[in-house]
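Q: structure here, sequence nowhere to be found:
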């Protein structure tokens, strides 16, 4: 295993030779170039150096470790450059992914229509307002001339507003598109049916009838009882 600093860092060769001098032949520069795994390979060299510690052995170990570290640094730097190029190419490929033809066509059409509408609006805004004829305006008195100029300005403004409304319109999805269609004429109003004439009414007062309760029948008189005959003596 190795630390991220040893993997993703370019190694400088002068630093390797300088680190191998502290102490000479110990191989710190080689460890810097190859990573911590290099210690396993340097262990036999350290054993030989401790057993036979002579100036010639120290110089030989320094030379071997420095050359070895230089080769390792060159290989790692090339690997890092290759990785960087691959990552950069992948990023560029992701950015340059081709969109579908329908999306390109819709986007190009929308941009073209928006540019055309903007160009026409700018041209209309830059166009000077139509002034009345000088011969006609000079022949009028100042009050009539001012009224004529005001009317011309109002008509020019109305035409400009109508052009702006027809130039740029929005569809239901919110996309802007250029429209040269004339406004649809308003439907003619349907005539309402005439109401039928109401029947004539006479305003003579109707006879009023008063309610009278029916009279109850009078009770018949009861018959008087006949006198009984007196008995004869």
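A: Great, that's in hand. Keep in mind it's a predicted model, so treat the numbers as computed, not measured. Numbers count the residues shown, from 1 in each chain.
Q: neighbours of residue 12, how many?
A: 14 (other Cβ atoms under 10 Å). For glycine as for every other residue, the C-beta is placed from the backbone atoms N, C-alpha and C.
Q: scratch that, residue 45 is what I was asking about
A: Residue 45: 19 neighbours (other Cβ under 10 Å).
Q: my guess is it meets residue 65, correct?
A: Yes. Counting by Cβ atoms under 8 Å, residue 45 does reach residue 65; the two are 7.4 Å apart.
Q: which parts of stretch 50-58 are buried?
A: Of the residues in stretch 50-58, those buried by neighbour count under the rule 16 or more other Cβ atoms under 10 Å are 57, 58.
Q: list the contacts of it.
A: When contacts are defined by Cβ atoms under 8 Å, 6 or more residues apart in numbering, stretch 50-58 is touched by residues 24, 25, 48, 49.
Q: joint contacts of residue 45 and residue 65?
A: 25, 27.
Q: give the buried residues for the helix or strand containing residue 42.
A: Following DSSP states H and E, one finds residue 42 within helix 38-51. Within helix 38-51, the residues scored as buried using 16+ other Cβ under 10 Å are 38, 42, 45, 49.
Q: check stretch 82-98 too.
A: For stretch 82-98, burial by neighbour count (16+ other Cβ under 10 Å) applies to no residue.
Q: where in the chain is pLDDT low?
A: 1-8, 95-107, 126-141, 166-191, 193, 195-233 (pLDDT under 70).
Q: can you give me the strands for it?
A: Along the chain, counting by DSSP state E, strands occupy 168-170, 176-178.
Q: what's the distance between residue 71 and residue 77?
A: With distances taken as Cβ to Cβ, to the nearest Å, residue 71 is found 11 Å from residue 77.
Q: understood, closing this out.
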